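Q: This is a predicted model, with the sequence first.
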Amino acid sequence: MAMRAGDHSQVAMNGLKEKVLTLDTMNPCVRKVEYAVRGPIVLRALELEQELRQGVKKPFTEVIRANIGDAQAMGQKPITFLRQVLALCVHPDLLNSPDFPEDAKRRAERILQACGGHSLGAYSISSGIQLIREDVARYIERRDGGIPADPSNIYLCSPWPHQPCLPFPSPSGLQTVLKLLVAGEGRTRTGVLIPIPQYPLSSAALAELNAVQVDYYLDEERAWALDVAELRRALAQELGLAPDMFFCLRLLEETGICVVPGSGFGQKEGTYHFRMTILPPLEKLRPLLEKLSQFHAKFTREYS
């Protein structure tokens, strides 16, 4: 149990050695991690369940877990075929049992043949079992209308940093990718765009790596679609700029064209435009418009 700074003096008085790991000395990034799905309300729900088991009288007889999408904890039956294949892979002796259908046996045998020593307990390479990666590549190719997918580019991993079955949770795919991207200090620290509302593990993973969380909102009226203008707004806000000011600064830096952002005149957000106070000479107008068009296309690709 980590200790607070005020507890140190009492420890010294008792003649005990102070603990090295305390709430004040631990990694500050870990201290910032929050997981709303398991906050104080959920902890209280666990206490209430324990009290009910002990016979404490409440105005209800059970705690209904409506806080997370844990369907099977609420009584949903698992998919039979998946459990059958898993059982056969874990305990191959069951392949001789008449209680399992032949299609499940064939699937399990195919998986076991791809494992070292035909055992699910054998180590695989870091990127995952080759057969499974080939299956994933075929699925992606079929999903994307025939665009080739290379199994050597497939890396199998868990999506979230939550594997309660392991004594030491392994890094998730999300954490692995973020570790590759997050760098810099202060204003140059990597920022990561995440949609709001968000799953709390997203913000927790960012906090653990001390990355900058940049929130953007989906368009509820358009079936929660992503609006490119909203991405620009979020980026500009994080930089302390109005969206059109951000656009105009990038335009100036990349093309040398100086224009006036409409936000400086108090225009309503969403109706911003920029203007040129004095039109350039005619011979410069065409190359200027070409530069504007090329930059706008590049900017849209970059932030869409």
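A: Happy to help now that I have it. None of these values were measured; they are calculated from a predicted model.
Q: Look up how far His91 lies from the residue nearest to the spatial centre of the chain.
A: Residue closest to the mean C-alpha point of the chain, counted by C-alpha atoms, centre = their mean, is Ser202 at 4.2 Å. Computed with C-beta to C-beta, to the nearest Å, the distance linking Ser202 and His91 is 37 Å. C-beta here means a position set from N, CA and C on the backbone, and glycine is covered the same way.
Q: Could you do Gly173 as well?
A: For Gly173 relative to His91 (C-beta to C-beta), the value is 29 Å.
Q: Likewise for Val85?
A: 12 Å.
Q: quick one, which of those two is more surrounded?
A: Neighbour count, other C-beta atoms under 10 Å: between Val85 and His91, Val85 has more, with 21 against 12.
Q: what ranges of the stretch 201-304 of the chain fall below the confidence cut-off?
A: Applying pLDDT under 70 to the stretch 201-304 of the chain flags the ranges 241, 262-280, 304.
Q: Just the strands from it, written as ranges.
A: For the stretch 201-304 of the chain, the strands defined by DSSP state E, counting those that start in this stretch cover 212-217, 260-261, 274-275.
Q: for the longest one, packing partners?
A: Contact partners of strand 212-217 among helices and strands, from 3 or more C-beta pairs under 8 Å, 6 or more residues apart in numbering; DSSP states H and E: strand 191-196, helix 200-208, helix 228-238.
Q: Ignoring the adjacent residues along the chain, who's closest to the residue nearest to the centre of the chain?
A: Spatial nearest neighbour of Ser202, chain neighbours left out: Ile194 (5.0 Å); criterion: C-beta to C-beta, 6 or more residues apart in numbering.
Q: Wait, that neighbour touches Ala211, no?
A: No. Look at Ile194 against Ala211 with C-beta atoms under 8 Å: they stay out of range, at 10.1 Å.
Q: of the two, who's got more company?
A: Each of Ile194 and Ala211 has its neighbours counted (other C-beta under 10 Å); Ala211 has more, 21 against 16.
Q: Ramachandran angles for the more buried one?
A: Backbone torsions of Ala211, given as degrees, to the nearest 10, read phi -80, psi 160.
Q: check contacts around it.
A: Residues counted as contacts of Ala211 (C-beta atoms under 8 Å, 6 or more residues apart in numbering) are 178, 181-182, 189-192.
Q: Helices of the stretch 1-150 of the chain, start to end?
A: Secondary structure of the stretch 1-150 of the chain (DSSP state H, counting those that start in this stretch): helices at 8-13, 28-32, 40-53, 80-90, 102-113, 130-143.
Q: That concludes my questions; thank you for your assistance.
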